[in-house]
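1. next input, structure requested:
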Amino acid sequence: MAEEKRTGPSVIYLDVDDDIAAVRERLSRVEGWRVLIVVPRGCRALTSLLDLKLLARRARDLALEIALVTSNPTTRRLAREVGIPVFFSLKRGQKVKWRWKGGAVQGLPRREAPGSTAPRPTARPALGGRPRWWERVLAAFLLLAVISALLASAVLAIPSATVTLVPARKEVSTALQVVADPDVNELDYQKGQIPARLVKLQIEGRGQMPVTGTKDAPDERARGTVVFINLLNQPVTVPKGTVVSTSAGTIVRFTTVEDVTLPGVVGGTAGVEVEAVDPGPSGNVGVNLINRVEGPLSLRVRVTNPKPTEGGSVKQVGVVTAADKERLKASLLQKLQQEAHTLIEDRLQEGEFVPPESVVVDEVISETYDKFTGEEADVLNLDLRIQVSGTAINERDAKALALRALEAEVGEGFKLVPQSVHVQVGEIACVEGRKVSFGMRAFGLAVTKVDVGQVRAEVRGQPPEVARERLRQHLLLEEEPVVKIWPDWWRRAPWLPFRIDVVVQEREVSPQSR
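-> Residues are numbered from 1 along each chain as shown. Below you'll find the predicted structure:
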């Protein structure tokens, strides 16, 4: 057990194993006339009514005022019966100006601290004395105040009210033109611009197209009969494939189709069939125009054609033109652009889209045709490699732009119902360089704004019919407001705002697309 001097009451700290005798003994040695006794948890002293009465008697004998500091419920209850003040904490006991109701014994002076020159306080009535008249009046007044406070609390807290409102609604819509520009970094609501992203890639392909140009080309070879004349007195054999030709103008050459032997006399003759070397009508020659033999046989025989050669003809054949190349290139570019649009879509980020009109050819890396211009051909082939790019547009940015424009159409006193908003991306208006202009349309429902605090202020403390009239005057509603008060026999809405529940029923019906 220990003692501590303070500017306020003296303090006695009990030990767990202290008994009432030790407490009384320590009390007789304390300095000052006000004492706080700290009872630790588990201490069995002062846990009986007898111990506390003995302590109170000892304090009165010593003209001391005492108070206990303990959390033990038994000790606290018994101390109150005896009239000893009790505190939960030492700090509280030192701070509060407490007085012991038991007082000092009548006529017995209090002890003063050593060296004190202050007058001793007047002795108080003994514990259990009869209360004075003014104390009874004060107690009655306090009781009446408590009852009044309870009644006022009941009036304020018991009733409750539920206000149900159906705000008015209207359809709103807007249309706007949006420009997606890769050179823009952020949304510009005033100009209607949103940022975009360029997506580039290389793609190659092969195209084929029938040629459209035509020309005449040799077809069949001319045929006829020539007669060889022997210049010697011995037989001469003219072998198959011997070449004979004309000698005037354009030389036309023919070959024999079989062997032939001339009789062995000068002037002996023999006929044989010949065929023009080159196909076409150039092999159709007149009578006696074939008069020359090529090679060593020219010294041994002569030749002539008693009849004209016939059968040489022409046909129409395809030929590559410059226009064919241009058409094939344009067709293949269009095809590759369509394929590139699909490939670019695979590279898009979430929420992006690429208008097909924005996919353009940046550069032709290589183009190779399999035929030259003017060359005979039925089909022209082209191998092409190009670099393309497309403008990727973030649909979220476009919708944010449309939503801002739609909110501007709502009007004062209304708010937009988010679940009812629909945004549609329209057709592409034009593509200028990398900029893409397109239309957008947004529509939705707007409902009256309801300020719950204002509603509560309008109805608090009012009869239901007055509350409804006030709500009709201050709010634009689709249906009559409903004010229900509980209990039913209560005639006015509560005065406390938190006892008024406001229910706002918004009919979330989306407008039809127009």
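
2. CA atoms for contacts and neighbours, from now on please.
-> Fine.

3. what residues go with each domain of the protein?
-> As assigned by automatic domain parsing, the chain contains the domains 2-95, 197-212+319-392, 220-312.

4. compare the ones you listed and give me the one nearest Pro487.
-> Across these, Pro487 has its closest neighbour in domain 2-95 (40.7 Å, CA to CA).

5. just say helix, strand or coil for Arg26.
-> Under DSSP: H, G, I helix; E, B strand; the rest coil, Arg26 falls in the helix class.

6. residues in contact with it?
-> Residues near Arg26 by CA atoms under 8 Å, 6 or more residues apart in numbering: Ile12.

7. Thr309: what's it in contact with?
-> Counting by CA under 8 Å, 6+ apart, Thr309 makes contact with 222-225, 283-287.

8. so where is the stretch 401-514 of the chain shaky, pLDDT-wise?
-> By pLDDT under 70, the low-scoring segments of the stretch 401-514 of the chain are 507-514.

9. where do the strands sit along it?
-> Here the stretch 401-514 of the chain has its strands, by DSSP state E, counting those that start in this stretch, at 414-416, 422-432, 435-448, 482-486, 500-504.

10. and Glu258, how many residues sit next to it?
-> 13 (other CA atoms under 10 Å).

11. I misspoke; the intended subject was Arg292.
-> Number of residues near Arg292 (other CA under 10 Å) recorded here: 17.

12. cross-check the contact I'm expecting between Glu220 and Ala276.
-> No - assessed by CA atoms under 8 Å, Glu220 is found out of contact with Ala276, at 9.3 Å.

13. these two: who's more crowded?
-> Counted by other CA under 10 Å, Glu220 and Ala276 do not tie: Ala276 has more neighbours, with 28 against 18.

14. give me the pLDDT value at the more buried one.
-> pLDDT for Ala276: 96.

15. any weak-confidence spans in the stretch 1-150 of the chain?
-> In the stretch 1-150 of the chain, residues with pLDDT under 70: 1-7, 101-132, 135, 148-150.

16. can you give me the helices in it?
-> For the stretch 1-150 of the chain, helices defined by DSSP state H, counting those that start in this stretch occupy the ranges 20-27, 49-61, 73-82, 90-95, 133-157.

17. same deal with the stretch 301-450 of the chain?
-> With DSSP H, counting those that start in this stretch as the criterion, the stretch 301-450 of the chain has helices at 322-346, 395-407.

18. ranking the ones you listed by burial, who's on top?
-> Of those, the one with the most neighbours on average (mean count of other CA atoms under 10 Å) is helix 395-407, at a mean of 19.

19. hmm, who's touching that helix?
-> In contact with helix 395-407 (CA under 8 Å, 6+ apart) are residues 172-176, 178, 187, 189, 192, 194-195, 351-353, 415-416, 423, 440-443.

20. stretch 422-429 too?
-> Residues outside stretch 422-429 that contact it (CA under 8 Å, 6+ apart): 355, 357, 399, 402-403, 436-444.

21. equivalent analysis for stretch 455-475, please.
-> Contacting residues not belonging to stretch 455-475 are listed as 167, 448, 450, 480-485, 491-497, 500, 502 [CA under 8 Å, 6+ apart].

22. same deal with stretch 14-23?
-> In contact with stretch 14-23 (CA under 8 Å, 6+ apart) are residues 1-2, 37-46, 51, 55.

23. of those residues, keep whichever come out buried.
-> Buried residues within these, defined by neighbour count using 16 or more other CA atoms under 10 Å: 37-40, 43-46, 51, 55.

24. for the chain, longest strand please?
-> Secondary structure of the chain per DSSP state E: the longest strand is strand 193-210.

25. just checking, what packs against the helix or strand following it?
-> Scanning forward in sequence from strand 193-210 by DSSP states H and E, the next helix or strand is strand 213-218. Judged by 3 or more CA pairs under 8 Å, 6 or more residues apart in numbering; DSSP states H and E, strand 213-218 is in contact with strand 314-319.

26. and the angle for the strand it packs on with strand 213-218?
-> Counting by axes from the mean of the first three to the mean of the last three CA atoms, to 10 degrees, strand 314-319 lies at 140 degrees to strand 213-218.

27. could you list the buried residues of strand 314-319?
-> Here strand 314-319 shows 314, 317-319 as buried, counting by 16+ other CA under 10 Å.

28. also stretch 286-303?
-> Buried-residue list, stretch 286-303, by 16+ other CA under 10 Å: 289-293, 300-303.

29. what's the spacing between Ala63 and Ala45?
-> Using CA to CA, to the nearest Å, Ala63 is found at 22 Å from Ala45.

30. let me redo that: Val226
-> Applying CA to CA, the value for Val226 to Ala45 is 160 Å.

31. where does pLDDT dip in the stretch 201-350 of the chain?
-> In the prediction, the stretch 201-350 of the chain carries no residues with pLDDT under 70.

32. the same query, at a cut-off of 90, please.
-> Applying pLDDT under 90 to the stretch 201-350 of the chain flags residues 212-219, 248-249, 314-317.

33. next, the distance between the ends of stretch 345-363.
-> First-to-last distance for stretch 345-363 - CA to CA - comes to 20 Å.

34. okay if I get the helices of the stretch 301-450 of the chain as TSV plus distance to Lys240?
-> Compiled in TSV, those are given as follows (distance: least, CA to CA, whole Å):
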stretch	distance to Lys240
helix 322-346	45
helix 395-407	83
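
35. and of those helices, who's closest to Gly8?
-> Of all the helices of the stretch 301-450 of the chain, helix 395-407 comes closest under CA to CA, at 69.7 Å.

36. angle of that closest one against strand 435-448?
-> 50 degrees.

37. next, count neighbours for the closest residue to Leu382 other than its chain neighbours.
-> Closest residue to Leu382 apart from its sequence neighbours, by CA to CA, 6 or more residues apart in numbering: Tyr369 at 4.5 Å. The burial count assigned to Tyr369 is 17, neighbours taken as other CA under 10 Å.

38. just the buried ones among the contacts of stretch 14-23 now: which is nearest Ala248?
-> Using CA to CA, these come closest to Ala248 at Pro40, 149.3 Å.

39. OK, contacts around that closest one?
-> Listed by CA under 8 Å, 6+ apart, the contact set of Pro40 reads 13-16, 70.

40. Leu232: which of these is nearest?
-> The closest of the contacts of Pro40, once distances to Leu232 are taken by CA to CA, is Thr70, at 164.5 Å.

41. how much space between that closest one and Ile20?
-> Where Ile20 is concerned, Thr70 sits at a distance of 16 Å (CA to CA).
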